[in-house]
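Peer 1: 3D model of this:
(one chain, ligands or ions: 2)
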Amino acid sequence: MLKVPDHQVAGHQARDGMLGPLVDDSGRFYKPLQDDERGSTELAFYTSLSHDNRIPDDIRQFFPIFYGTQLVEASNGTGLQPHLVLQNLMSNHNKPSVMDVKIGSRTWYPQASEDYIQKCFKKDKETTSLTLGFRISGLQAYENEESGFWKPKKKQIQGFNAEDVKLALRKFVSSNPLSCEEPDCSLAETIYNGTDGILAQLEKLKEWFEDQTIFHFYSCSVLMIYEKELAAAGRSAAQIKLVDFAHVLKGEGVIDHNFLGGFCSLIKFVCDILNIPREYTAKNSLSESEKNQSYLENGSI
Ligand SMILES: O=P(O)(O)O[C@@H]1[C@@H](OP(=O)(O)O)[C@H](OP(=O)(O)O)[C@H](O)[C@H](OP(=O)(O)O)[C@H]1OP(=O)(O)O
Ligand SMILES: Nc1ncnc2c1ncn2[C@@H]1O[C@H](COP(=O)(O)OP(=O)(O)O)[C@@H](O)[C@H]1O
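Peer 2: Ligands and ions are numbered 1, 2, ... in the order given. Coordinates of the predicted model:
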């Protein structure tokens, strides 16, 4: 029996007769295969990820497992439709705290249609993508049994500025995300730091991005996931995963500067919360932002 996922924080949602992902009881996540270029691009990406032996196993673990495609009853009542069958990243969780961070100062790519570029560029400009190299697309942070989750509305998140992003990253690892008081960051060390914490995982993935020229990931997100109960008991069990490959292009031997720059900027924000100095000064994201800024000033898009 398929149902609407409990802990989805961004993207298209299978509510109110809309088309969106579904989950089953055996740990699988069914993402509708969009019937345009986006669907074929995402399918091609997952297929190459499974077969391309240039991708090290310890990097593959940062992507959901791919089980192929399957025709299932779509959530919008249009009958059997093809879906990507993926590992449900929430299936072993009870009350997961989740943040979806869309990486890159630009979510568009030159080959896209003019309308699409304009739409993305507007969003990049109105959110922190252009200035920080990433934006928060959605989040939920569990507080406790009584108060439940801090889950700001999409509109509110879309209005986040750099200070709001910093605050959200702090609240995400606090025992009091719903409080108006200063977030206590009581879980920051356990979740962000430590040998298997989020920072270590981000650094590992960053190393790969410093070398890999196979793919360019536009509009792709890092999901940060952890279970508060475990964290409070001192067990991190935090993980990061990459999702959304509807706009992945071939890298053609070129470093994915747009992704790498945004990724380094995110790492810097996490380091700042932990008060860890980092040599990195967001050079890549700055150069991408500057590029976009100059597009903006010259009115060329
Ligand atoms: O339609 P919108 O405006 O909600 O945009 C979707 C995005 O929502 P946003 O407003 O940026 O939070 C949405 O972003 P999130 O996954 O929510 O971060 C996707 O980018 C989606 O695009 P695609 O299916 O991956 O091509 C976007 O959908 P499409 O523009 O591709 O339909
Ligand atoms: N494999 C997965 N398992 C569990 N949840 C997922 C998985 N992939 C995505 N999600 C959830 O769905 C949201 C949107 O995913 P995404 O692939 O970006 O969809 P869209 O293309 O509609 O934007 C993510 O923010 C996350 O909450």
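Peer 1: make it CA atoms for all contacts and neighbour counts henceforth
Peer 2: OK.
Peer 1: residue in the stretch 151-300 of the chain with the shortest distance to ligand 1?
Peer 2: For the stretch 151-300 of the chain and ligand 1, the shortest gap (Cα to the nearest ligand atom) falls at residue 246, measuring 5.3 Å.
Peer 1: that residue is in contact with residue 41, isn't it?
Peer 2: Yes. Counting by Cα atoms under 8 Å, residue 41 is a contact partner of residue 246 at 5.4 Å.
Peer 1: pick out whichever of the two has more residues nearby.
Peer 2: Using other Cα atoms under 10 Å as the criterion, residue 246 and residue 41 rank with residue 246 on top: 22 against 18.
Peer 1: which residue packs closest to residue 242, ignoring adjacent ones?
Peer 2: Sequence neighbours aside, residue 222 is the residue nearest to residue 242 in space, at 4.6 Å (criterion: Cα to Cα, 6 or more residues apart in numbering).
Peer 1: assign the one you found to helix, strand or coil.
Peer 2: Classification of residue 222 by DSSP: H, G, I helix; E, B strand; the rest coil places it in strand.
Peer 1: got it, and residue 83?
Peer 2: strand.
Peer 1: which residues are in contact with residue 274?
Peer 2: If you count contacts by Cα atoms under 8 Å, 6 or more residues apart in numbering, residue 274 has them with 188-189, 192-193.
Peer 1: can you list the residues of the stretch 201-301 of the chain near ligand 1?
Peer 2: Residues of the stretch 201-301 of the chain found near ligand 1 (Cα under 6 Å from any ligand atom) are residue 246.
Peer 1: now the helices for the stretch 201-301 of the chain?
Peer 2: 228-232, 257-274, 283-298 (DSSP state H, counting those that start in this stretch).
Peer 1: just to check, the residue nearest to residue 242 is in contact with residue 245?
Peer 2: No. Taking contacts as Cα under 8 Å, residue 222 lies outside contact range of residue 245: 11.3 Å.
Peer 1: next secondary structure element downstream of the helix or strand harbouring residue 125?
Peer 2: Using DSSP states H and E, residue 125 sits within helix 114-126. Next helix or strand after helix 114-126 toward the C-terminus (DSSP H and E): helix 129-132.
Peer 1: any weak-confidence spans in the chain?
Peer 2: By pLDDT under 70, the low-scoring segments of the chain are 236, 278-301.
Peer 1: which one is residue 43 nearest to, not counting chain neighbours?
Peer 2: residue 84 (7.3 Å).
Peer 1: what does the stretch 101-250 of the chain have sitting close to ligand 2?
Peer 2: 243-244.
Peer 1: in the stretch 101-250 of the chain, what residue lies closest to ligand 2?
Peer 2: Closest point on the stretch 101-250 of the chain to ligand 2, by Cα to the nearest ligand atom, is residue 244, at 3.7 Å.
Peer 1: next, count neighbours for that residue.
Peer 2: Number of residues near residue 244 (other Cα under 10 Å) recorded here: 19.
Peer 1: for it, which non-adjacent residue is spatially closest?
Peer 2: residue 220 is the one closest to residue 244 (Cα to Cα, 6+ apart), at 5.1 Å.
Peer 1: contacts only, for the one you found.
Peer 2: Here residue 220 is in contact with 102-103, 242-248 (criterion: Cα under 8 Å, 6+ apart).
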